[in-house]
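> fold the following for me, if possible:
(2 chains)
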Amino acid sequence: MNSAAVASVVQVETAPQVPVAVPSTGPLDAKSRQWLEDLRGTGAAHEAAVARLHALMLRAARFEVARRRPGLPHLRGDDLGDIALEAANDALMNVLKRLDDFRGLSRFTTWAYKFALLEAAVKLRRRAWQNRELPLEPESWGLFSSTGPTPQREAEQHELLAALQRAIDDVLTPHQRKVLVALALNGVPIDVLAERLGTTRGALYKTLHDARGKLRRQLVASGFMLDTTRKGGA
Amino acid sequence: MERSDLKHALGRLLGPKEPELGCDECFTELDRFVDLELEGSDAGRAVPGLRAHLEGCPACREEYESLRALVAGEQPL
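So this is what the prediction gives:
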């Protein structure tokens, strides 16, 4: 992407955490322009472009399925093939509906691929958690309570973890606590939780972000130094 | 728990320290970010907050890694 694309900027007003200056449009490369012309056109060229786009979506969906296959031993090849095809079909519809959203800031194929990867990833995560009860209560604190490398560090760890547990109980709303525990402690995928709670991934991440901010502020107020490392090493 | 494991666990609970994008904005910017990275440009500077979000959101991180791997394996930019 050349730097000229950055000349015109707009503000992402819906960003929940940080406003970011983004280019409104960019110069289209020849291949991307051809994709758009063919997909917006009519007749044989349009039909051929849609078929090519579907092939691209299927390639991306199969790519995602293949990457995740080791973690899905309970799914048979036929199931995975069906998921890939369904993801490709859904992605094709999304891309065609959202052609006007393509800003020319990447190659068209890169932009289109992300829809197929997202569809496949979401379907696979949901399938992996199908019929499973979501763990919404803290289950994993025991994993954090093993011994440290030295008695002093072990004491520090216990102190920090105790403060963190207290902060979760004291400063978070029940909804924030449920979301934080499910996503950050128990490893529930965010789109699986969003589906079960009838909300969106973006809304859940905003809740998670707000909860994390509260915990950080509470720990700092309690005297813990969280700025020594990016990941909050105290 | 070793200290690195504790840091990882704390990272999941406390998230990135830096300002970050949300999931929707991440999805909007992801293709630009990946193409910029693969052409050797400073993607983090061009899309501030996206890299921090990838560190705080495992789902978006997975989708970023897939898109990057798919595009990188397709053809050189």
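
> surely A:P27 forms part of a helix?
No - applying DSSP: H, G, I helix; E, B strand; the rest coil, one finds A:P27 to be coil, outside a helix.

> surely it meets A:G104?
Yes - using CB atoms under 8 Å, A:P27 makes contact with A:G104 at a distance of 6.3 Å. Glycine gets a C-beta too; all of them are placed from N, C-alpha and C.

> looking at these two, which is more packed in?
A:G104 (20 against 12; other CB atoms under 10 Å in any protein chain shown).

> A strand includes that one, no?
No - under three-state DSSP, A:G104 sits outside any strand and is assigned coil.

> that one and A:L164, how far apart?
Applying CB to CB, to the nearest Å, the value for A:G104 to A:L164 is 45 Å.

> swap in A:G223?
With distances taken as CB to CB, A:G223 is found 13 Å from A:L164.

> who's more crowded, the two?
Neighbours were counted for A:G223 and for A:L164 using other CB under 10 Å; A:L164 has more, 23 against 9.

> quick check: which element contains the residue nearest in space to the middle of chain B?
Centroid-nearest residue in chain B: B:L54, 3.2 Å away (criterion: CA atoms, centre = their mean). Element membership for B:L54, per DSSP states H and E: helix B:50-56.

> which neighbouring elements make contact with the next helix or strand along the chain from that helix?
The helix or strand immediately downstream of helix B:50-56 is helix B:58-74, counting by DSSP H and E. Applying 3 or more CB pairs under 8 Å, 6 or more residues apart in numbering or on different chains; DSSP states H and E, one finds that helix B:58-74 contacts helix A:43-68, helix A:108-128, helix A:190-197, helix B:23-38, helix B:50-56.

> need the residues that contact helix B:58-74.
A:60, A:63-64, A:67, A:107, A:109-110, A:113-114, A:117-118, A:121, A:125, A:189-191, A:201, B:23, B:26-27, B:30-31, B:33-35, B:37-38, B:53-55, B:77 (CB atoms under 8 Å, 6 or more residues apart in numbering or on different chains).

> ranking helices and strands of chain A by mean pLDDT, which lands last?
Ranked by mean pLDDT, DSSP states H and E, the helix or strand of chain A with the weakest confidence is strand A:9-11, at a mean of 29.

> for the host helix or strand of A:L36, what does the pLDDT average out to?
Element membership for A:L36 (DSSP H and E) is helix A:30-40. When pLDDT is averaged over helix A:30-40, the result is 95.

> just stretch A:153-172 next, same as before
86.

> now do the buried residues in that stretch.
A:156-157, A:160-161, A:163-164, A:167-168, A:171-172 (16 or more other CB atoms under 10 Å in any protein chain shown).

> how about stretch B:55-68?
Those would be B:55-57, B:59-60, B:62-64, B:66-68, for stretch B:55-68 by 16+ other CB under 10 Å.

> send the alpha carbons of stretch A:162-169 over as PDB?
What follows is stretch A:162-169, C-alpha atoms only, in PDB (Å, rounded to 0.1, in the frame of the first residue of the first chain):
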ATOM      1  CA  ALA A 162      -5.300 -12.900  45.500                       C
ATOM      2  CA  ALA A 163      -5.600  -9.200  44.700                       C
ATOM      3  CA  LEU A 164      -6.800 -10.000  41.200                       C
ATOM      4  CA  GLN A 165      -9.400 -12.300  42.500                       C
ATOM      5  CA  ARG A 166     -10.600  -9.700  45.000                       C
ATOM      6  CA  ALA A 167     -10.700  -7.100  42.200                       C
ATOM      7  CA  ILE A 168     -12.800  -9.300  40.000                       C
ATOM      8  CA  ASP A 169     -15.300  -9.800  42.800                       C
END
